[in-house]
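Asks: Just to be clear, the model below is a prediction. Sequence and coordinates:
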Amino acid sequence: MKKITLLVLMFNMIAVLTFAQSDKKTIKKTITYDEFKNHVYYIASDELEGRDLPSKGLEKAGEYISNEFKKYGVKQVSGLTGYYQQVPFKSVEPANKGSIVVGDKTLEYEKNFLLMDGSNTELNATYVYANYGMGDDLKDLDVEGKIVVALCGNGEDESPRTWFGLSTDKKKDLKEKGAIALIEIYQSAQLPWSMLTRYFTGNKRVMVDDGEGEDTDFAHIWLSTEDKQAVKMLQQKDQAMSITVEGMKVEKFTSPNVVGWVEGSDPVLKNEFVVYGAHYDHVGIGEPNEEGDNIYNGTRDNAIGTSSVISLAKNIATYPTKRSALFILFTGEEKGLLGSSYFVENPPIPLDKMVYCLNIDSGGYNSTEIVTVMGLYRTTVTPLIEKSCKKFKLKVIDDPAPEQNLFDRSDNVNFAKKGIPAPTFSLGYTAFDDAIFKYYHQAADNPDSVDYDYLYKYCRSFMLTARSIANMPEKPFWTEGDKYYEAGVELYK
Ligand SMILES: [Zn+2]
C-alpha cells in the first residue's frame with residue numbers, strides 16, 4: 001500500500017515536472033521565428049491595405065486566419081459559418097445639407113438643426129406645438145398628418161442622453177397617432193450645440209447594425225435655439241412648414257469575427273474555456289506621410305497580436321491544454337470595439353463557461369526588455385504571467401499610464417463588463433512618449449520597422465502565459481475589490 005502510494009506520488013511528481021517543462025517545449029516545437037515573422041509580414045503587408053472595416057484587405061486577413069486554423073485542425077464552433085461569426089454593420093454618412101422653411105424664416109442644417117433619426121427627407125405640412133410631446137400634452141391635440149414641435153426631454157431630467165432616450169418613446173407614440181415628423185427644441189448647458197454637431201456630422205461612422213434607428217420614414221430633428229425668433233414662432237402659431245434633409249447615405253455590410261476552438265485534455269476542466277483574443281482590423285488607408293506612404297499597416301496594432309493568437313492556435317491544436325481554448329480575432333476594434341461587443345452580446349458558447357479572456361493588443365513599444373500588461377494585478381494569475389515572461393528573459397510591468405485608460409480601450413473590456421477576468425497583454429512600454437506616437441496609428445507602422453528578436457520572445461511569453469492559465473488547477477478570477485469583481489460573482493454564481 002505504502003509502496004504504491006509512493007510510486008504514484010513519484011509518477012505524479014514526474015508528470016508535474018515534465019508538464020512544466022513541456023509547456024515551454026511545446027512552444028519551441030510548434031512555432032519557429034520565421035513562421036511567426038511571416039505571419040506578421042503578411043498581415044501587416046501593403047497588400048492588405050491597413051485592414052480597414054470594411055475593406056478587401058480585412059477580408060483577406062480573415063481568410064488567412066481561417067486557413068491557418070484549418071491547417072492546424074482548430075475546430076469550428078457550431079452555429080457559426082465555418083470559422084466566421086458574421087457581424088452585421090452599417091456605415092452612415094450623415095446628412096450635410098437641408099433647410100426648414102417656416103413663415104419668413106429659413107433655418108439651416110447644422111447651424112440650426114440636425115437629423116437625429118430618419119433619412120433624407122422632403123416634407124411639406126402643418127406643424128403643431130405640443131409642449132414636451134408626451135402624455136397629457138397630446139390630449140385634445142390633432143397630430144394626424146402633421147409635424148409635431150416639442151421641447152426636448154420631460155422637464156425633469158437635464159441630460160441630453162436621457163432626452164435622446166425619451167425621444168424613442170415620443171416617436172413611437174406620435175407615429176401611432178399619425179404624426180409624420182418630430183422636431184424637438186434643444187437647449188442644454190451640459191452639451192453645447194457645437195459639440196453635438198461635431199458628433200452628428202462630418203465623417204462616415206461605422207456601427208453594429210442592431211436594427212435600431214431604422215425609422216427611415218419618420219424624421220426626428222433637434223433644433224438649436226440659435227434663432228430665437230424662429231423658436232418663438234414655432235412655439236406660438238401653427239402654420240405650414242417645409243423640411244428638406246439631404247446627403248445621408250447608409251450602407252449595410254457584414255464582416256466576421258474569426259472564431260475557432262480546441263477541446264481541453266482534462267475531463268473536468270475541458271468544460272471551461274479560456275478565450276484568447278486579438279483584433280485583426282486596423283485603420284486602413286489615410287493621409288500620406290513625408291515619404292508618401294499612405295497605408296497604415298498596423299504592425300504593432302495589431303498584426304503582432306493577431307500573429308500571436310494564430311501561433312497559439314497552432315500550439316494548442318497540437319498540444320491541447322487542460323481547459324478548452326477559444327480563439328477569437330475581432331473585427332471592428334478600431335471603430336469602437338464593435339466586433340467584441342457583438343460577440344459578448346451574441347456568444348456562441350455561454351459566457352459563464354468562459355473563465356478567462358487573455359487579450360493581446362498594442363499601440364507600440366519603447367522597451368524590448370519588458371512586457372506591459374493592462375490589468376496585471378487585477379486578476380489572480382499575476383505570478384503565472386511573471387513566471388512565463390521570465391522564461392524568455394522579459395520582465396512584466398503594469399500599465400504605466402493609467403490616465404490613458406488603456407484597460408478600457410481594447411476588446412478585453414467588453415468581456416470584463418460581463419464579469420470575465422480579462423487583461424490585455426501588450427508590447428513593452430514605459431510611458432506614452434514620442435517613441436510610441438511615432439508609430440501609433442501612423443503610416444510608419446510598417447512590418448520592417450520592428451525588432452523581431454524581441455517580438456519572437458514576446459509572442460512566446462504570451463503563449464506560455466496562455467498555457468499556464470489554461471492548465472492552472474484553480475479557477476482564475478478577479479482580484480478582490482476590483483471594479484469588475486462583483487460582475488464576476490454575478491456571472492459565475
Ligand atoms: Zn489595437
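Replies: That came in fine, so what should we check first?
Asks: Can you give the domain ranges for the chain?
Replies: For the chain, the structural domains run 24-91+252-492, 100-247, going by automatic domain parsing.
Asks: Including mean neighbour count, could those go into JSON lines?
Replies: Using the backbone N, CA and C atoms, a C-beta is placed for each residue, glycine as well. Converted to JSON lines, the domains of the chain look like this (neighbours: other C-beta atoms under 10 Å):
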{"stretch": "domain 24-91+252-492", "mean neighbour count": "20"}
{"stretch": "domain 100-247", "mean neighbour count": "16"}
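Asks: Assign a three-state SS to Gly155, would you?
Replies: Secondary structure for Gly155, judged by DSSP: H, G, I helix; E, B strand; the rest coil, is coil.
Asks: wait, Gln235
Replies: Relying on three-state DSSP, one would call Gln235 helix.
Asks: you'd agree it is up against Val149?
Replies: Yes: using C-beta atoms under 8 Å, Gln235 is in contact with Val149, at 7.2 Å.
Asks: between the two, what contacts are shared?
Replies: Tyr129, Ile185 (C-beta atoms under 8 Å, 6 or more residues apart in numbering).
Asks: thinking again about what came up before, which of the domains of the chain has the lowest mean pLDDT?
Replies: Comparing mean pLDDT over the domains of the chain, the weakest stretch is domain 100-247, at a mean of 91.
Asks: picking up where we left off before, ok, which of the domains of the chain comes nearest the ion?
Replies: domain 24-91+252-492 (4.1 Å; C-beta to the ion).
Asks: What is the end-to-end distance of the closest one?
Replies: 31 Å (C-alpha to C-alpha, to the nearest Å).
Asks: Any part of that domain near the ion?
Replies: Yes: using C-beta under 5 Å from the ion, domain 24-91+252-492 reaches the ion at Asp301, Asn302, Asp361.
Asks: Now do that domain: distance to the chain's middle.
Replies: 12 Å (C-alpha atoms, centre = their mean, to the nearest Å).
Asks: I'd like the residues of domain 24-91+252-492 next to the ion as JSON lines, with secondary structure appended.
Replies: JSON lines is the format used below for these (three-state DSSP):
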{"residue": "Asp301", "secondary structure": "helix"}
{"residue": "Asn302", "secondary structure": "helix"}
{"residue": "Asp361", "secondary structure": "coil"}
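Asks: How about residues contacting the helix or strand hosting Glu63?
Replies: Here Glu63 sits within helix 56-72, counting by DSSP states H and E. By C-beta under 8 Å, 6+ apart, the surrounding residues in contact with helix 56-72 are 39, 42-43, 47-52, 82-84, 255-256, 258, 260, 280-281, 284, 306, 310, 313-314, 317-318, 327, 329, 331.
Asks: Stretch 141-150 now?
Replies: Stretch 141-150 has contacts (C-beta under 8 Å, 6+ apart) with 123, 125-134, 137, 170, 174, 177-185, 234-235, 241, 243.
Asks: and the end-to-end length of that stretch?
Replies: 13 Å.
Asks: center of the chain, which residue is that?
Replies: Per C-alpha atoms, centre = their mean, the C-alpha nearest to the average position across the chain is that of Leu337, at 0.9 Å.
Asks: so that one sits right up against Val413, yeah?
Replies: Yes: with contact defined as C-beta under 8 Å, Leu337 reaches Val413; the gap is 6.9 Å.
Asks: Send me stretch 451-471 as CSV with only the CA atoms.
Replies: What follows is stretch 451-471, C-alpha atoms only, in CSV (Å, rounded to 0.1, in the frame of the first residue of the first chain):
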residue,chain,number,x,y,z
ASP,A,451,12.6,44.2,-33.8
TYR,A,452,11.7,40.5,-34.4
ASP,A,453,14.1,39.1,-31.9
TYR,A,454,12.1,40.9,-29.2
LEU,A,455,8.8,40.1,-30.8
TYR,A,456,9.5,36.4,-31.0
LYS,A,457,10.2,36.5,-27.3
TYR,A,458,7.1,38.5,-26.7
CYS,A,459,4.9,36.1,-28.7
ARG,A,460,6.3,33.1,-26.8
SER,A,461,5.8,34.8,-23.5
PHE,A,462,2.2,35.3,-24.4
MET,A,463,1.9,31.7,-25.5
LEU,A,464,3.4,30.4,-22.3
THR,A,465,1.2,32.7,-20.2
ALA,A,466,-1.8,31.3,-22.1
ARG,A,467,-0.9,27.7,-21.5
SER,A,468,-0.2,28.4,-17.8
ILE,A,469,-3.6,29.9,-17.3
ALA,A,470,-5.3,27.1,-19.2
ASN,A,471,-3.5,24.4,-17.1
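Asks: Please name the spatially closest residue to Thr121 (chain neighbours excluded).
Replies: The spatially closest residue to Thr121, leaving aside those adjacent along the chain, is Val245, at 4.2 Å (C-beta to C-beta, 6 or more residues apart in numbering).
Asks: likewise Met207?
Replies: Distances taken as C-beta to C-beta, 6+ apart put Lys90 closest to Met207, at 6.2 Å, once the chain neighbours are dropped.
Asks: Show me where the stretch 351-493 of the chain has its strands.
Replies: 354-360, 370-374, 395-398, 424-427 (DSSP state E, counting those that start in this stretch).
Asks: okay if I get those strands as JSON lines plus distance to Phe462?
Replies: Listed next are these as JSON lines, based on distance: least, C-beta to C-beta, whole Å:
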{"stretch": "strand 354-360", "distance to Phe462": "6"}
{"stretch": "strand 370-374", "distance to Phe462": "8"}
{"stretch": "strand 395-398", "distance to Phe462": "11"}
{"stretch": "strand 424-427", "distance to Phe462": "5"}
